[in-house]
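Asks: predicted model and sequence below, questions to follow.
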Amino acid sequence: MPEASPYTAQAPQTEAGITLEAQDLGYRRGKRWLVRGVSLRLEGGQFWALLGPNGAGKTTLLRLLSGEIPPDTGQVTLDRKPLGQYRASELARTRAFLPQQRDLAFPFSAYEVAFLGRMPYLEDRAETAADHQVVQQALERTDALALAEELYPSLSGGEKARVDLARVLAQQPKILLLDEPTNHLDPRHQLELLEHCRELARSGRIVLAALHDLNLASLFADRLLLMKDGQAVASGTAEELFTPELLERVYGLPFQRYPHPSGRPVVLPQAT
Ligand SMILES: Nc1ncnc2c1ncn2[C@@H]1O[C@H](COP(=O)(O)OP(=O)(O)OP(=O)(O)O)[C@@H](O)[C@H]1O
């Protein structure tokens, strides 16, 4: 275990919870490091928001943490076992990754797309009524049940996003890695999604979501991880991280901080 540092996202210990850790994680394309020196420890029970400007490395970090791409330095461990030592199906039953680009060319129905979340369970058994019940509940949870019979490619961006999230929920993962899950969603569905992320975390799961809306991150997430130029710049609560100095350093423009009735801060960028 590396020493805790300002660059280490440290969640409070929870009893026998699932852990996802990265040590000195690095990923390079050619000479450029897209992610460099990231160490973090995430534990079940916490909803983390991953923040940073375009190109900061958020998607790349999520892909590394999901095992979709192998790191050039360091490693990711799930319950202290390197990701590479898990069988693909076991990993698929444990963690789900919601990518940012979610276009699917095949004319699947929304229900069939959500049902894809059950595939990791159907390696050596036939589907059952229980699988369909899980999918139905997932679609209900994301307010997408009415879309079940629609063809996925014909759905609006926000409708697709809700069906994609249903697929992730149908996977029943303990770890949810979500890349800009609120994209395309209207305000009501954004709030519902973030409330659901918080509930999932409360039930012992790890939720890590890349978000661009700093205020929604402040109001809903327990902890924030701030990235810039491929590095983890800081982690902590919004109260700790939302200082005009730090935000200006990361985002390159001034911010004003305001109190919110919840007690958490909100911020607004200032026109320069
Ligand atoms: N396969 C790749 N090959 C080369 N460069 C890449 C590759 N994937 C990503 N990059 C670059 O790495 C940097 C980080 O990309 P990444 O998608 O991780 O950022 P991000 O923080 O998710 O950005 P955004 O907020 O715009 O989604 C970007 O400059 C991107 O162009």
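Replies: Right, received. Where do you want to start?
Asks: how many residues are close by Gly55?
Replies: Residue neighbour count, defined by other C-beta atoms under 10 Å, stands at 13 for Gly55. Bear in mind the C-beta positions are built from the backbone N, C-alpha and C, glycine included.
Asks: ok, now the one 5 residues further on?
Replies: Other residues near Thr60 number 22, with proximity taken as other C-beta under 10 Å.
Asks: and if you look at His196?
Replies: A count of nearby residues for His196, using other C-beta under 10 Å, gives 18.
Asks: and the protein, which residues reach the ligand?
Replies: Counting by C-beta under 6 Å from any ligand atom, the chain comes close to the ligand at Arg29, Leu34, Gly52, Asn54, Gly55, Ala56, Gly57, Lys58, Thr59, Thr60.
Asks: tell me what Arg29 is bridged to.
Replies: Beta bridges link Arg29 to Arg32, judged by DSSP bridges.
Asks: and the gap between it and Lys58?
Replies: Distance, Arg29 to Lys58, using C-beta to C-beta, to the nearest Å: 16 Å.
Asks: where in the chain is pLDDT low?
Replies: By pLDDT under 70, the weakly predicted segments of the chain are 1-16, 102-103, 272.
Asks: if we go to 90?
Replies: In the predicted model of the chain, residues 1-17, 89, 100-107, 123-125, 157-158, 161, 183-185, 271-272 satisfy pLDDT under 90.
Asks: please parse it into its domains.
Replies: 19-94+173-269, 104-172 (the TED database).
Asks: which parts of the chain are helices?
Replies: Counting by DSSP state H, the chain has helices at residues 58-66, 88-94, 110-115, 129-141, 157-170, 187-202, 214-220, 238-241, 244-251.
Asks: tilt between the longest one and helix 129-141?
Replies: Using axes from the mean of the first three to the mean of the last three C-alpha atoms, to 10 degrees, the inter-axis angle of helix 187-202 relative to helix 129-141 is 130 degrees.
Asks: okay, buried residues for helix 187-202 please.
Replies: Across helix 187-202, burial judged by 16 or more other C-beta atoms under 10 Å covers His189, Gln190, Glu192, Leu193, Leu194, His196, Cys197, Arg198, Leu200, Ala201.
Asks: give the contact list for the second one.
Replies: Right, the one you point to is Gln190. Gln190 sits next to Thr182, Asp213, Leu216 when contact means C-beta atoms under 8 Å, 6 or more residues apart in numbering.
Asks: so which of those wins on neighbours?
Replies: The residue in the contacts of Gln190 with the most neighbours, by other C-beta under 10 Å, is Thr182 (24 neighbours).
Asks: what's the spacing between that residue and Leu40?
Replies: Thr182 sits 22 Å away from Leu40, going by C-beta to C-beta.
Asks: now swap in Glu21 and tell me
Replies: 7 Å.
Asks: of those two, which one has the most company?
Replies: Ranked by neighbour count (other C-beta under 10 Å), Glu21 and Leu40 place Leu40 first, with 24 against 21.
Asks: that one pairs with what?
Replies: As assigned using DSSP bridges, the partners bridged with Leu40 are Ala9, Ala22.
Asks: tell me the contacts of the spatially closest residue to Val134 that is not a sequence neighbour?
Replies: Spatially, and ignoring its direct neighbours in sequence, Val134 is nearest to Ala170 (5.4 Å; C-beta to C-beta, 6 or more residues apart in numbering). Contact partners of Ala170, counting by C-beta under 8 Å, 6+ apart, are Ala114, Phe115, Leu116, Gly117, Arg118, Val134, Val135, Ala138.
Asks: and the residue lying closest to the second one once chain neighbours are set aside, what does it touch?
Replies: Excluding the flanking residues, the one nearest Phe115 by C-beta to C-beta, 6+ apart is Val135, at 5.1 Å. Listed by C-beta under 8 Å, 6+ apart, the contact set of Val135 reads Tyr111, Ala114, Phe115, Gly117, Arg118, Ala166, Ala170.
Asks: thank you, goodbye.
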